[in-house]
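[1] Mind folding the following:
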Amino acid sequence: MRAVIEDLAEEAERLIREQVWIPTHHDCAVAEKAAADLQAAIGTPESQEKLYEVDRPAHLREALAAVALALAHVDGRLAWFLGAAATTFMPVLHWRALPSDDDLTFGAVKPEPEQYTEAEDAIRRLQSTSPTSRPTDTTRLSPGTP
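    Coordinates of the predicted model:
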């Protein structure tokens, strides 16, 4: 996940830097809200590692929902970017934290702890890549960037 999101982020940053993609004010507002929602869902690496195992996939699903909600409100390049990001995070929907006594889990699997960390890091990278209304400033584009 991390590598795919990194590639998406680099492509988005390049398109914005080269002014191939000039986000609209609406795109920027939606992206800023999504970035804030992603930050609220995932937080810092330290805060995620302190969570109970059952809460980590819940936070990841909340982040995926934030991406999906943002996607529902845009079109064009931002929709393509968010759609690719949402697709990348789809494995999260098949993760479970609780054991199953009868193996009837609708295909849900227990991820390794490293998979949680990789997904959380990928979401943080996505969060830091959101377009802003200033196309010349394409680095660290999270909410609150001066």
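[2] Flag the shaky bits of the protein, pLDDT-wise.
    130, 132-146 (pLDDT under 70).
[3] Need the residue closest to the centroid of it.
    Nearest to the mean C-alpha position of the chain, by CA atoms, centre = their mean, lies residue 123 at 3.7 Å.
[4] Please name the residues that touch the nearest residue in space to residue 90 that is not next to it in sequence.
    Distance criterion CB to CB, 6 or more residues apart in numbering; nearest residue to residue 90, sequence neighbours excluded, is residue 64 at 7.9 Å. Where C-beta positions appear, they are placed from N, C-alpha and C, glycine not excepted. Shown in contact with residue 64 (CB atoms under 8 Å, 6 or more residues apart in numbering): 86, 89, 90, 92, 93.
[5] now the helices for the chain?
    Taking DSSP state H as the test, the helices found in the chain are 2-17, 25-42, 45-49, 55-71, 76-88, 113-127.
[6] just so I know, which of those lies nearest residue 104?
    For residue 104, the closest of the helices of the chain is helix 55-71, at 18.3 Å, according to CB to CB.
[7] what about residue 47, distance to residue 34?
    Using CB to CB, to the nearest Å, we find residue 47 at a distance of 19 Å from residue 34.
[8] Which one's more surrounded, these two?
    Neighbours per residue, other CB atoms under 10 Å: of residue 47 and residue 34, the larger number sits with residue 34, 26 against 11.
[9] Surely the more buried one touches residue 68?
    No. Residue 34 lies out of contact with residue 68 (CB atoms under 8 Å); the separation is 9.7 Å.
[10] mind listing what the residue nearest to residue 73 when sequence neighbours are not counted touches?
    Take residue 73 and drop its neighbours on the chain: the residue closest to it by CB to CB, 6+ apart is residue 30, 5.1 Å away. By CB under 8 Å, 6+ apart, the residues touching residue 30 are 70, 73, 74, 78.
[11] change it to 6 Å
    Going by CB atoms under 6 Å, 6 or more residues apart in numbering, residue 30 touches 70, 73, 74.
[12] I'm done for today, thanks for sticking with me.
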